[in-house]
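1. From the sequence below, what's the structure:
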Amino acid sequence: MRFAAAFIATWRAILTHRAAFAILILATVAYGFYYPLAYQHQTATQMPLAVVDLDHSGLSRRLIADLGATEGVRLARVTGDFAEARGLLERRKIDGIVLIPADLERGVLTGTASGGLAIYVNGAYLVRASTIGSTLKSVLSGAVESALQPAARAIGLQTLTPIEVVVRPMFNTREGYGSYAVSGVAILIVHQTLLFGVVMLAADRRQALLGHVSTPGFFGVLAAFGVLGLASTLFYVGFVFWFQDYPRGGNFAGMLAATALYVPAVVLMALLVGSYFDRPERSTQVLVSISAPLFFLSGLSWPHSAMPGPLVALAWAVPSTPGILAMIKLNQMGAHLREVTPELLALATQGAVYGALAYRRWTRPGRASATASENGGVTP
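-> Prediction:
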């Protein structure tokens, strides 16, 4: 089969195979709008909170008033009974409890406080817990400074905070969870839709094509899926990130260069994996659960330096890891190509290794040829 014929035949298979069309095209477009919906608010707000006030002082009242005025939390209950607040937390009516101990104000003013505020949160929701923690930190520092200000002036201090640190994010300027998560997950979506779709089509045609693909035909198949992968990547980094207002366009030319390595590596790995499945349905059953592990292995949510060595080695064996890291650095952070050299080398190596194995698997005489001989030369 010639290059052009294989290219056209592959696109015909993509457009006529219902399951593959749904994964490679419909799912790619749908995820661009569906997945970011969960992060459209970017930051968690109005987290229900209970305050247990055992101090009943000016400082505790100031702290409660400041908490009620913040956007991050919502005062669902102010009580003096910790058991009542704990019950609300256990029933998930609230996301956190702030326990203000007795004599808090006296301890702050005299410097003899033996303890401080106790904060209880539901650890099952990390984003909510971190929002409550950051809100309480800022509110508490302001309330304590206001309480100490009169005493400081009495001894001649004009200010309690001679140095103020202002944190300004360089890349995730909105400090939103969506800007962090979706930017990386989008590259994984390209990886997974290509992997699932290519493996499905490869498994569907394994019996007929394995051992009967010529060299031009093999590269025609690779080019057809490569064009689709390039279009999927550009759809996310060029349109979805703009539509959702995520950080983008840091180094567009570098992103294209990385895509030229990323997409072929994914397709070649998928062609190799797909050649070992005898039915499309079986490939979906095996691969359906790997998306979340691949994201965590990418190093975006958990650094590789904190992972066991074998997991890091496994992570760098799949294109999603260097692909996500390279795309984030180039597209969101504006890195130069030389700053993503390790990721690009990894993608090039993966493409070469998976390409050689897939080429040998699909072009050498194999099971299909043997079966055809047994059937009198008729390919099944």
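
2. Need phi/psi at D95.
-> Main-chain torsions, D95, degrees, to the nearest 10: phi -100, psi -10.

3. Could you do D55 as well?
-> Residue torsions, per degrees, to the nearest 10, at D55 are phi -100, psi -40.

4. my guess is it meets L104, correct?
-> Yes: between D55 and L104 there is a contact at 4.5 Å, judged by Cβ atoms under 8 Å. (Glycine included, C-beta is placed from N, CA and C.)

5. who's more crowded, these two?
-> It is L104, of D55 and L104, that has more neighbours when counted by other Cβ atoms under 10 Å, with 23 against 19.

6. Give me the pLDDT value at the more buried one.
-> L104 carries a pLDDT value of 75.

7. Likewise for I132?
-> I132 is given a pLDDT of 79.

8. To what extent is it buried, counted in neighbours?
-> 27.

9. Next, A102: phi, psi?
-> phi -70, psi 150.

10. Can you report how many residues lie near the nearest residue to it once chain neighbours are set aside?
-> Distances taken as Cβ to Cβ, 6 or more residues apart in numbering put L54 closest to A102, at 4.6 Å, once the chain neighbours are dropped. Using other Cβ under 10 Å, L54 has 15 other residues around it.

11. Break down this protein into its strands, ranges please.
-> 47-53, 73-79, 96-100, 118-121 (DSSP state E).

12. for the first one, packing partners?
-> Other elements packing on strand 47-53 under the criterion 3 or more Cβ pairs under 8 Å, 6 or more residues apart in numbering; DSSP states H and E are helix 58-69, strand 73-79, helix 82-90, strand 96-100, helix 126-154.

13. just so I know, which of those lies nearest R282?
-> helix 126-154 (35.2 Å; Cβ to Cβ).

14. Low-confidence ranges, the stretch 201-350 of the chain, go.
-> Where the stretch 201-350 of the chain drops to pLDDT under 70, the residues are 206-211.

15. Isn't V29 up against F235?
-> Yes: between V29 and F235 there is a contact at 7.3 Å, judged by Cβ under 8 Å.

16. what's the closest of the strands of the chain to D204?
-> Nearest of these (Cβ to Cβ): strand 47-53, 48.1 Å.

17. Can you give the distance of that closest one from its chain's centre?
-> Its chain's C-alpha centre and that of strand 47-53 lie 31 Å apart, by Cα atoms, centre = their mean, to the nearest Å.

18. Show me the contact partners of that strand.
-> Identification of contacts with strand 47-53 by Cβ atoms under 8 Å, 6 or more residues apart in numbering yields 60, 63-64, 67, 72-82, 85, 88-89, 93-100, 128, 131-132, 135.

19. Buried ones among the residues you listed?
-> For the contacts of strand 47-53, a neighbour count by 16 or more other Cβ atoms under 10 Å gives the buried set as 60, 63-64, 67, 72-73, 75-78, 85, 88-89, 94-100, 128, 131-132, 135.

20. how much space is there between the closest residue to R2 other than its chain neighbours and V267?
-> Leaving aside its sequence neighbours, R2 sits nearest to P216 (Cβ to Cβ, 6+ apart; 5.3 Å). Applying Cβ to Cβ, to the nearest Å, the value for P216 to V267 is 16 Å.

21. Neighbour count for those two, which is higher?
-> Shown here are P216 and V267; by other Cβ under 10 Å, V267 has more neighbours (27 against 15).

22. my guess is that one contacts V198, does it?
-> Yes: assessed by Cβ under 8 Å, V267 is found in contact with V198 at 5.8 Å.

23. Break this protein down into its structural domains.
-> Per the record's domain assignment (automatic domain parsing), the chain is made up of the domains 3-39+176-374, 47-154.

24. related to what we said a few turns ago, how about the helices and strands packed on strand 47-53, which one is nearest Y35?
-> Using Cβ to Cβ, the nearest of these to Y35 is helix 126-154, at 15.9 Å.

25. still on that earlier bit, residue contacts, the residue nearest to A102?
-> Counting by Cβ under 8 Å, 6+ apart, the residues that L54 touches are 80, 99-102.

26. now swap in Y236 and tell me
-> Taking Cβ under 8 Å, 6+ apart as the test, what Y236 contacts is 32, 186-187, 189-190.

27. swap in L344?
-> 257-258, 261, 322, 326, 337.

28. How about L345?
-> L345 neighbours (Cβ under 8 Å, 6+ apart): none.

29. Return the distance of stretch 239-254 from the chain's centre.
-> On Cα atoms, centre = their mean, the centre of stretch 239-254 falls 16 Å from the chain's centre.

30. Could you give me the buried positions within it?
-> 240-241, 244, 246-248, 250-251, 254.

31. Please identify which pair of those residues lies farthest apart.
-> By the measure Cβ to Cβ, Q244 and G254 form the most distant pair in the buried residues of stretch 239-254, at 21.4 Å.

32. Show me how far stretch 226-236 is from its chain's centre.
-> The answer for stretch 226-236 is 19 Å, by Cα atoms, centre = their mean.

33. A224: which of the buried residues of stretch 239-254 is nearest?
-> The closest of these, once distances to A224 are taken by Cβ to Cβ, is V240, at 23.1 Å.

34. Would you confirm that the closest one contacts A186?
-> Yes: with contact defined as Cβ under 8 Å, V240 reaches A186; the gap is 6.5 Å.

35. what do those two both touch?
-> By Cβ under 8 Å, 6+ apart, the residues touching both V240 and A186 are G32.

36. And for the closest residue to P342 other than its chain neighbours, the neighbour number?
-> In this structure, P342 finds its nearest non-sequential neighbour in P322, 7.5 Å apart by Cβ to Cβ, 6+ apart. Neighbourhood size, P322 [other Cβ under 10 Å]: 27.

37. picking that back up, take the buried residues of stretch 239-254 and lay them out in TSV including distance to A313.
-> TSV is the format used below for the buried residues of stretch 239-254 (distance: Cβ to Cβ, whole Å):
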residue	distance to A313
V240	32
F241	31
Q244	34
Y246	31
P247	30
R248	32
G250	29
N251	28
G254	26
